[in-house]
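Participant: predicted model and sequence below, questions to follow.
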Amino acid sequence: MKKLITLGCLLLCSSTCLLANVADDRFQQANNAYQKNDFANAAQLYQQVLAEGFNSPELQYNLGNTYYKQDSLGKAILHYERALVLAPNDADTKANLAIAKAQVKGELEPLPEFFLTAAWKKLRNTISSSYWGIVALAFWWLGFGALAVWLMGKSRKQKKTGFLAGTACLLLSLLPYSLALSSSMYEQNTRQAILLKDAAPLRSAPDKDGSELLTLYEGTKVQLLDFLGGWWQVKLPNGERGWLDGKYLEKI
């Protein structure tokens, strides 16, 4: 029985390594196609890597570049945004996203955020959720180590120092833990989407009979609020709300 289990584990590891090697080869093929200005083929190869379950900031960034080169502004912005979800501080992605966004028609002036909300998002996006989790764990271990000194310390000074340091570390761990949780939830579902159609009407109701509030253009980023009958209720950067046909949107 143990031999069968071992054999199964070896086969699983072998198949995983094989898939990883195939994905690496395809990723390199896509890079080569991009360098030869074969952007359509490069995009197709990158998408195949994604379809095989592999994802990374570099992959999303490269996809954004291929679509930008093909004048597919909406898809370029979509993949740049996805790259930033995985690597919030990547300078190249931020720069390319800014260039792409500058070409979106009818750009809407965003409302200023409440300063605490803006500060929280900025801090959350400093590093990924996994790194915030590591920081939280480090504070936990430091806290428990200090409390061990409090329990086993021989002098009163050692006990006092251990208790204060342990309590402080455990309390401080709540911040990176909350940031890790918030970042993880954001990575799994940003509740945001990009408009991929050249132009689409924002309507007052979730059907084609709803009055047209304004026209939105390819590359516009919206916040998703509610879904009804194939339509998304969205919130625009300027705070205005309305309904968009779901087939024109793709989630970040």
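Facilitator: Everything's here; your move.
Participant: where do the helices of this protein begin and end?
Facilitator: With helices called from DSSP state H, the chain shows them at 2-35, 39-51, 57-69, 73-86, 91-101, 115-124, 129-152, 156-172, 174-188.
Participant: which one of these has the most crowded surroundings?
Facilitator: Among these, helix 73-86 has the highest mean neighbour count (mean count of other CB atoms under 10 Å), at a mean of 24. (Glycine included, C-beta is placed from N, CA and C.)
Participant: report the angle between that helix and helix 174-188.
Facilitator: 150 degrees (axes from the mean of the first three to the mean of the last three CA atoms, to 10 degrees).
Participant: which strands or helices does helix 73-86 pack on?
Facilitator: On a contact count with 3 or more CB pairs under 8 Å, 6 or more residues apart in numbering; DSSP states H and E, helix 73-86 meets helix 57-69, helix 91-101, helix 174-188, strand 192-195.
Participant: ok, back up a step: dump the helices of the chain into JSON lines; add mean pLDDT and distance to residue 213 as well.
Facilitator: As requested, these are exported to JSON lines (pLDDT from 0 to 100; distance: least, CB to CB, whole Å):
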{"stretch": "helix 2-35", "mean pLDDT": "65", "distance to residue 213": "39"}
{"stretch": "helix 39-51", "mean pLDDT": "95", "distance to residue 213": "33"}
{"stretch": "helix 57-69", "mean pLDDT": "97", "distance to residue 213": "28"}
{"stretch": "helix 73-86", "mean pLDDT": "96", "distance to residue 213": "20"}
{"stretch": "helix 91-101", "mean pLDDT": "96", "distance to residue 213": "22"}
{"stretch": "helix 115-124", "mean pLDDT": "91", "distance to residue 213": "26"}
{"stretch": "helix 129-152", "mean pLDDT": "94", "distance to residue 213": "36"}
{"stretch": "helix 156-172", "mean pLDDT": "94", "distance to residue 213": "47"}
{"stretch": "helix 174-188", "mean pLDDT": "94", "distance to residue 213": "28"}
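Participant: export those as TSV, with columns for distance to residue 221.
Facilitator: Shown next, in TSV, are the helices of the chain (distance: least, CB to CB, whole Å):
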stretch	distance to residue 221
helix 2-35	25
helix 39-51	21
helix 57-69	14
helix 73-86	7
helix 91-101	8
helix 115-124	15
helix 129-152	21
helix 156-172	35
helix 174-188	15
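Participant: closest to residue 197 out of these?
Facilitator: When the helices of the chain are compared by CB to CB, helix 73-86 sits nearest residue 197, at 7.5 Å.
Participant: with adjacent residues omitted, what lies nearest to the spatially most central residue of the chain?
Facilitator: By CA atoms, centre = their mean, the chain has its centre lying nearest to residue 85, at 2.3 Å. Leaving out its chain neighbours, the residue that sits closest to residue 85 by CB to CB, 6 or more residues apart in numbering is residue 187, at 5.6 Å.
Participant: touching, the one you found and residue 86? I think so.
Facilitator: Yes. Here residue 187 reaches residue 86: they are 7.2 Å apart, a contact under CB atoms under 8 Å.
Participant: shared neighbours, the two?
Facilitator: residue 128 (CB atoms under 8 Å, 6 or more residues apart in numbering).
Participant: and the nearest residue to residue 239 once chain neighbours are set aside, what is it in contact with?
Facilitator: Leaving aside its chain neighbours, residue 239 sits nearest to residue 111 (4.8 Å; criterion: CB to CB, 6+ apart). Residue 111 sits next to 237-239 when contact means CB under 8 Å, 6+ apart.
Participant: how much space separates residue 154 from residue 249?
Facilitator: Separation of residue 154 from residue 249 (CB to CB, to the nearest Å): 65 Å.
Participant: when these two are compared, which one has more neighbours?
Facilitator: Taking neighbours as other CB atoms under 10 Å, residue 154 and residue 249 compare with residue 249 leading, 22 against 8.
Participant: okay then, goodbye and thanks.
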